[in-house]
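In: starting from these lines, generate the structure:
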Amino acid sequence: MANDQVLTADQVIDRTRKYLNSEHVELVKKAYEFAKHAHRDQYRKSGEPYIIHPIQVAGILADLEMDPATVAAGFLHDVVEDTDVSLKDIEEAFNSEVAMLVDGVTKLGKIKYKSHEEQQAENHRKMFVAMAQDIRVILIKLADRLHNMRTLKHLPLEKQRRISNETLEIFAPLAHRLGISKIKWELEDTALRYLNPQQYYRIVNLMKKKRAEREQYLDEVIEEVRERLTEVSIKAEISGRPKHIYSIYRKMALQNKQFSEIYDLLAVRIVVNSIKDCYAVLGIIHTCWKPMPGRFKDYIAMPKPNMYQSLHTTVIGPKGDPLEVQIRTFEMHRIAEFGIAAHWAYKEGKSVSDSSSFEQKLTWFREILEFQNDTANAEEFMESLKIDLFSDMVFVFTPKGDVIELPSGSVPIDFAYRIHSEIGNKTIGAKVNGKMVTLDYCLKTGDIVEILTSKHSYGPSQDWLKLAATSQAKNKIRAFFKKQRREENIEKGRELVEKEIRNMDFDVKEILTPDNLKKVAEKFNFSNEEDMYAAVGYNGVTALQVANRLTEKWRKKRDQEQSASIANAISELKAFPTSKKRESGVRVQGIDNLLIRLSRCCNPIPGDEIVGYITKGRGVSVHRADCNNIDTSDAQQRLIPVEWESALNDRKEYNVDIEINGYDRRGLLNEVLQAVNETKTNISAVTGKTDRNKMATIIMSIAIHNVSHLQKVVDRIKQIPDIYSVRRMLN
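Out: You can find the predicted model right below:
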């Protein structure tokens, strides 16, 4: 799976001939010809013919020795999304299996979304749900993403960073969970190159500097191990284990270490024929060199959830430096490299693993469908996946010795709900390693957890939502409250909806008629009004959303009446046109020759948000949008849009009153006047007074051009020592 080699279609088909029969090779060839024709006039950002991308994706799948339908889908994975070919065309030309795989990796291109993030979340949800039904979907998607990352240099910088970030957040962790380390490492290293090129190339250069020294050291170690194994007649393949750039970067970043402090740069991998030989080799290694305490891990006896098996030990090597050693069988090595793909690799007569233990190891995978059912939208679904499936994991035991995998940071509540919903709901306490612990105890790998339950338990507490770390536990707790507190939620929801309706100035009795409630409940896909109120009560839908739907007809009617009222008022104004030149600096949108004056109650100035109020016989009065005098239902019906005229505002001056408060001392007023003069602002009036607490209040009328001019004056006054506050006054 070399990332610098561009395969031809013939090379990909030749690779499939090594493990597929002639009939299946013909299916793969047919898929290539079909894709070549569909993409015939398309080119990539690099300028290359588009078909090169599907060829590379199919080549990656052929390297994994995937079944013919998957390799064919690799050639076809973009035809539905990027050409006029439909899924029906794929099914007719090939079969329903190939069409299903292509559909699983096809983005949702014809639906409009509020944002790119929402669309991406929906695309990922579609892919993950398809993946839960057939895991080959994600293997195609990983191959697609791997080749896209290899050719990322042809995209704009912003896209490079966005795609790399998505790769690190979703696709690399997924490759890890599926155990496909060959793909995982390349995705991580490539993503780092675009997200943090400075650190990436720094680590590359540091590794190059000492490469010769490390290689010589490893050659000596490998030769000594080979001699010891030959003495006891154990056949083995021994090699230096490559250290990946991203793993070094993470250790440096998370553990705050320098490059020189990363000890496991030196590593040896020993691959043998049997499990018995693995443990024999471990004994020999520990005889040769002293093991470091706490650095031995037996993943053969207790495999990782992604099926990875190996013995890991770190010893003090010949020159006193830590040396990491991995010991595994050839089959374990194959699974470590290809993960789940090693189980799905095509074999004559069957294309899937028939091992029941293999299915059990993928139970986490089936939980994806449960996430899909428990989450309200795609973004929440993806957050649940990131927390529960892609975060660092801990492995704890039931009292019977079964291993339960949970995200790092999980507590006994998460453990209880992972076992069963009812156990979670009836939990009253927990024991870890035989000792009572609180329900917020953070579980650690190796803990033996026992959940204490009671038939008389009243169920979970609301506080559990804050304690639980997994989305699965939180969703089940919410489901309990949703079911158990229905009456309470209905009442709470009704009150919230009625409150929103009153805030809109509507009569609750007029709006909440049985027919209106039934119609709106159906629009929200609720069977009746009680279900709708209950949903509002537990935050399934907001009271404002429901109130907006309920008042839709009345709001339209009110808007029409207001529009008619404004139209009538404008007609009144037009009946008495004025020839007086406008000097207010404000104009009514779309109407000329109207008498406009600035209201003295709030003294609006350019830069303020303003509205016009149509007076009876005195033209349009302009108010600040937050003026209390227009905040009445009668006034609202006579409001009209107005705007500042920038050409006039640069020349015209507006009187504004400001109040200045500070400590009374000799010369304070003079300093204030001087500060205002420095801003080239005219002062029309000044008054001042002092109270018994030596607090001075200065009220000043100044002539300013706009809000930014006023802000400049205020900022200058605030710089004066002993000035506590400056505020704009309203009449």
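In: lowest average confidence, helix or strand, in the chain?
Out: Using mean pLDDT, DSSP states H and E, the weakest-scoring helix or strand in the chain turns out to be helix 356-361, at a mean of 46.
In: ok, residues contacting the strand or helix carrying Ile327?
Out: Using DSSP states H and E, Ile327 falls within strand 322-329. By CB atoms under 8 Å, 6 or more residues apart in numbering, the residues outside strand 322-329 that reach it are 221, 241, 263-264, 266-275, 277-278, 281-282, 285, 289, 292, 300, 309-317, 336. Placement of C-beta: from N, CA and C, glycine included.
In: who does it pair up with?
Out: Paired neighbours of strand 322-329 in the sheet (DSSP bridges): strand 267-272 (parallel), strand 311-316 (antiparallel).
In: gap between Val32 and Ala62?
Out: No, residue 32 isn't Val; it's Tyr. Plainly put, Tyr32 is 11 Å away from Ala62 if you go by CB to CB, to the nearest Å.
In: the more surrounded of the two?
Out: Ala62 (26 against 22; other CB atoms under 10 Å).
In: got a list of what that one touches?
Out: 12, 15-16, 71, 74.
In: can you give me the helices in the stretch 1-150 of the chain?
Out: 9-17, 22-38, 52-63, 68-76, 79-82, 87-93, 96-105, 116-133, 136-150 (DSSP state H, counting those that start in this stretch).
In: what of the stretch 251-400 of the chain?
Out: Using DSSP H, counting those that start in this stretch, helices in the stretch 251-400 of the chain cover 275-288, 330-338, 340-344, 356-361, 363-374, 378-388.
In: ok, Leu669 - how many residues close by?
Out: 17.
In: do Arg727 as well
Out: Neighbourhood size, Arg727 [other CB under 10 Å]: 11.
In: that one sits in which helix or strand?
Out: strand 723-728.
In: partner strands of that strand, with direction?
Out: As assigned by DSSP bridges, strand 723-728 forms pairs with strand 654-663 (antiparallel).
In: what's the mean pLDDT across the strand it pairs with?
Out: Throughout strand 654-663, pLDDT has a mean value of 89.
In: cool, stretch 512-528 as well?
Out: 87.
In: who touches both of Tyr32 and Ala62?
Out: Here Tyr32 and Ala62 have Val12 as joint contacts, going by CB under 8 Å, 6+ apart.
In: any low-confidence regions in the stretch 351-500 of the chain?
Out: 351-392 (pLDDT under 70).
In: let's go with 90 and repeat that
Out: Within the stretch 351-500 of the chain, the stretches with pLDDT under 90 are 351-409, 418-422, 433-434, 444-448, 454-463, 465-493, 500.
In: which stretches in it count as strands?
Out: For the stretch 351-500 of the chain, strands defined by DSSP state E, counting those that start in this stretch occupy the ranges 393-397, 403-407, 427-432, 435-437, 449-453.
In: domain map for the protein?
Out: Domain assignment for the chain by the TED database gives 9-180, 199-338, 359-459, 480-573, 586-644, 654-728.
In: these: which one's closest to Asp189?
Out: Across the domains of the chain, Asp189 has its closest neighbour in domain 199-338 (4.8 Å, CB to CB).
In: single out the most deeply packed of the domains of the chain.
Out: domain 9-180 (a mean of 19; mean count of other CB atoms under 10 Å).
In: off-centre distance for it?
Out: 23 Å (CA atoms, centre = their mean, to the nearest Å).
In: hang on, the earlier thing: between the helices of the stretch 1-150 of the chain, which one is closest to Pro721.
Out: Using CB to CB, the nearest of those to Pro721 is helix 116-133, at 49.5 Å.
In: pLDDT on that closest one, on average?
Out: Averaged across helix 116-133, the pLDDT comes to 56.
In: was I right about Met302 contacting Gly401?
Out: No - the criterion here is CB atoms under 8 Å, and Met302 misses it with Gly401 at 10.7 Å.
In: for Arg161, see how far away Ile501 is.
Out: As defined by CB to CB, Ile501 lies at a distance of 46 Å from Arg161.
In: swap in Val546?
Out: In terms of CB to CB, Val546 sits 40 Å off from Arg161.
In: Thr427 now?
Out: To Arg161, Thr427 is 44 Å away according to CB to CB.
In: now swap in Phe397 and tell me
Out: Phe397 is 42 Å from Arg161, by CB to CB.
In: likewise for Lys689?
Out: On the measure of CB to CB, Lys689 and Arg161 end up 60 Å apart.
In: the strand holding Ile327 vs helix 275-288, what angle?
Out: 160 degrees (axes from the mean of the first three to the mean of the last three CA atoms, to 10 degrees).
In: mind checking how far stretch 431-442 is from the chain centre?
Out: So, by CA atoms, centre = their mean, the centroid of stretch 431-442 is 32 Å from its chain's centroid.
In: pull the CA atoms of it into CSV?
Out: Output in CSV follows, covering the C-alpha atoms of stretch 431-442 (Å, rounded to 0.1, in the frame of the first residue of the first chain):
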residue,chain,number,x,y,z
LYS,A,431,-18.6,-1.8,44.2
VAL,A,432,-15.2,-1.6,42.4
ASN,A,433,-12.7,-4.3,43.3
GLY,A,434,-14.9,-5.3,46.2
LYS,A,435,-15.1,-1.9,47.8
MET,A,436,-18.1,0.5,47.8
VAL,A,437,-17.5,3.6,45.6
THR,A,438,-19.6,6.6,44.7
LEU,A,439,-21.4,6.7,41.4
ASP,A,440,-19.0,9.4,40.1
TYR,A,441,-16.0,7.1,40.6
CYS,A,442,-13.9,7.2,37.4
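In: stretch 235-246: end-to-end distance?
Out: For stretch 235-246, the first-to-last residue distance is 33 Å (CA to CA, to the nearest Å).
In: so for it, mean pLDDT?
Out: 82.
In: chain neighbours aside, what residue packs nearest to Val394?
Out: Thr445 (4.7 Å; CB to CB, 6 or more residues apart in numbering).
In: kindly apply the preceding question to Glu337 instead.
Out: Ranked by CB to CB, 6+ apart and with sequence neighbours excluded, the top spatial neighbour of Glu337 is Lys182, at 5.2 Å.
In: SS state for the one you found?
Out: helix (DSSP: H, G, I helix; E, B strand; the rest coil).
In: any idea how far Ile135 is from it?
Out: Separation of Lys182 from Ile135 (CB to CB): 17 Å.
In: list the helices and strands the strand or helix carrying Ile501 packs on?
Out: Assigned by DSSP H and E, Ile501 belongs to helix 486-503. Helix 486-503 sits against helix 508-511, helix 529-537, helix 543-550, with contacts defined as 3 or more CB pairs under 8 Å, 6 or more residues apart in numbering; DSSP states H and E.
In: now the longest one against helix 486-503, angle please.
Out: Angle of helix 529-537 versus helix 486-503, following the same axes, to 10 degrees, is 80 degrees.
In: what residues does helix 529-537 touch?
Out: Helix 529-537 is contacted from outside by 482, 485-486, 488-494, 496-497, 517-518, 520-521, 524, 526, 540-543, 546, using CB under 8 Å, 6+ apart.
In: let's see that with 10 Å instead.
Out: For helix 529-537, contacts defined as CB atoms under 10 Å, 6 or more residues apart in numbering pick out 481-483, 485-497, 500, 512, 514, 516-518, 520-526, 528, 540-547, 549-550.
In: same thing with the first one?
Out: Contact partners of helix 508-511, identified using CB under 10 Å, 6+ apart, comprise 497-499, 501-502, 504, 516-517, 520, 547, 550-551, 553-554.
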